[in-house]
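Peer 1: please find the sequence and the predicted model below.
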Amino acid sequence: MPRQKKRAAVVALGCPKNRVDSEYLLGALARAGYEFTNPADTKRRPNLIILTTCAFLKSAVAESERVIRKLVRIKRNNPETELIVAGCLVQRYGEKLKELFPEVDRWLGLNEMTKIHRVVGGLSGAPARLISTPAHYAYLKIADGCDNRCSYCLIPAIRGWFRSRPIEEVVAEAEALGHLGVKELILIAQDTTLYGKDIYHSPALARLIDRLSAIKGLVWIRLLYTHPAHLTEDVLEQLGTNTRLCRYIDLPIQHIADRILERMNRHYRRRDVERLIERLRMIPEMRIRTTVITGFPGETETEFIQLRDFIRSVQFDRLSGYAFSPEPGTMAYQMPGQVPKDLARKRLGEIMRLQAQVSRQRLRRLVGSEIRVLVDMPGAGRSEWEAPEIDGVVRIKDAGIAPGEFINVRVTAARTHDLIARKI
């Protein structure tokens, strides 16, 4: 009889860092001879389902548990299917999950995920990575863990202390991605700006960017998750002079009132942020994305207005916002002065409406201009000023342009977050 094919389904939740972890799982499964399918595919049923989870916020925990329940229902109809749940949720809650979901066959924490090749096939050696993004861009994790100890954040408890990967290892992976046709490399970590401090005794992000910029085939290098307290002058110089480094930075300020920043344990003050933004705006065509939190414990109406007015005056190009979520195990969880959830959400809504106005105004300035775009899918792409999956897109009226192509377009209109353009 012919040997039954091994089929696997991998479901990834959470941030790009979690996505990269999942891509190593995909690589291990491919080496072990698995074909890939959908968890609910009734014709090509999976023998193995792996869910990688997020547990950063209550909402992420709820989503992870909701997907586990869905996968358990699939397993009940196919008892021979092995169900593995891995990642941050397991790292955070451990043994408690076995009581909630006894149907799950295995639970793998973050450390155990690196040994997944032993679980799926007894293979020796580190598994290759199989990217799940479109072929022309990929995330590159340069470090894991975090030492910042922000008072609202569980990442240090879940992912451990900050650990940089050696430059040679990162460059080797980037070269492999370049050989696969990746044109845009997106650098990620809990704090990319601290890269190298633990193993080279001083930040080495600029040195790493230099090495990556020499890799054949790479056109864009993009920085995410930079920390305002750790952004060094050599990286700022790279943003101004390195033609492969996108004129784009993800700079989460979280708040602007000094008292709230101190309670958040962010290690900078309003004046530091103002100086940094002034320096970034000296770089021609620079674009700044940020993230803010409303309703942090103790946030007064006056401090919220400071944040709102700062956003109005600075005019960030992109902004994400979150209403504070009190997470057990963080310092902020038991802080006095907890802001009612409804009020935190109301303040967030006000911020996001303001940012929508700012975004529309800033994008309208580009109408009539010519920009370079990397096509992500038929009819849509991005300039160097948009990161995939989190920012707006450039909608291209012309059809028949292949994903992964760079083209020049003329902007014909602007929406709240997107541009409309035509190929030149």
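Peer 2: Received the coordinates, thanks. Residues are numbered from 1 along each chain as shown.
Peer 1: next up, the contacts around the nearest residue to G298 once chain neighbours are set aside.
Peer 2: Excluding its sequence neighbours, the residue lying closest to G298 (C-beta to C-beta, 6 or more residues apart in numbering) is G337, at 3.7 Å. Just so you know, the C-beta spots here come from the backbone N, C-alpha and C atoms, and that holds for glycine as well. Neighbouring residues of G337 by C-beta atoms under 8 Å, 6 or more residues apart in numbering: 297-299.
Peer 1: most surrounded residue in the residues you listed?
Peer 2: E299 (25 neighbours; other C-beta atoms under 10 Å).
Peer 1: right, and that one touches V339 too?
Peer 2: Yes - taking C-beta atoms under 8 Å as the definition, E299 is a contact partner of V339 at 5.6 Å.
Peer 1: which residues do those two both contact?
Peer 2: F324.
Peer 1: tell me the contacts of R165?
Peer 2: Contacts of R165 by C-beta under 8 Å, 6+ apart are 141-143.
Peer 1: re earlier: quick one: secondary structure of the residue nearest to G298?
Peer 2: coil (DSSP: H, G, I helix; E, B strand; the rest coil).
Peer 1: how far away is it from Q306?
Peer 2: G337 is 16 Å from Q306, where distance means C-beta to C-beta, to the nearest Å.
Peer 1: please, which helix or strand holds the closest residue to L194 other than its chain neighbours?
Peer 2: Of all residues beyond its chain neighbours, the one nearest L194 is H230 (5.3 Å), with distances taken as C-beta to C-beta, 6+ apart. Counting by DSSP states H and E, no helix or strand carries H230.
Peer 1: and H230, how many neighbours does it have?
Peer 2: 18.
Peer 1: then Y322?
Peer 2: Neighbours of Y322 (other C-beta under 10 Å): 18.
Peer 1: wait, doesn't it sit right on L348?
Peer 2: Yes - with contacts counted by C-beta under 8 Å, Y322 reaches L348, the gap being 7.0 Å.
Peer 1: in stretch 343-356, what's buried?
Peer 2: Residues of stretch 343-356 classed as buried: 344-345, 347-348, 350-351, 354-355 (neighbour count, 16 or more other C-beta atoms under 10 Å).
Peer 1: re earlier: next, the residue nearest to G298: phi, psi?
Peer 2: In terms of degrees, to the nearest 10, the main-chain angles of G337 are phi 80, psi 30.
Peer 1: do you know how far it is from S151?
Peer 2: As defined by C-beta to C-beta, G337 lies at a distance of 13 Å from S151.
Peer 1: show me what contacts R247?
Peer 2: Contacts of R247 (C-beta under 8 Å, 6+ apart): 239, 283-287, 384-385.
Peer 1: can you rerun that using 7 Å?
Peer 2: Contact partners of R247, counting by C-beta atoms under 7 Å, 6 or more residues apart in numbering, are 239, 283, 285-287, 384-385.
Peer 1: strands of the stretch 151-300 of the chain, start to end?
Peer 2: Along the stretch 151-300 of the chain, counting by DSSP state E, counting those that start in this stretch, strands occupy 163-164, 184-188, 220-223, 245-250, 287-294.
Peer 1: quick one: closest of those strands to G33.
Peer 2: Comparison of the strands of the stretch 151-300 of the chain against G33 by C-beta to C-beta identifies strand 184-188 as nearest, at 29.4 Å.
Peer 1: quick one: mean pLDDT over that closest one.
Peer 2: Regarding strand 184-188, the rounded mean pLDDT is 98.
Peer 1: ok, stretch 154-164 next?
Peer 2: Mean predicted lDDT for stretch 154-164 stands at 94.
Peer 1: check stretch 54-73 too.
Peer 2: Across stretch 54-73, pLDDT averages out at 94.
Peer 1: show me what contacts the nearest residue to E350 once chain neighbours are set aside?
Peer 2: Leaving aside its sequence neighbours, E350 sits nearest to R308 (C-beta to C-beta, 6+ apart; 6.5 Å). By C-beta under 7 Å, 6+ apart, R308 lies in contact with 350-351, 354.
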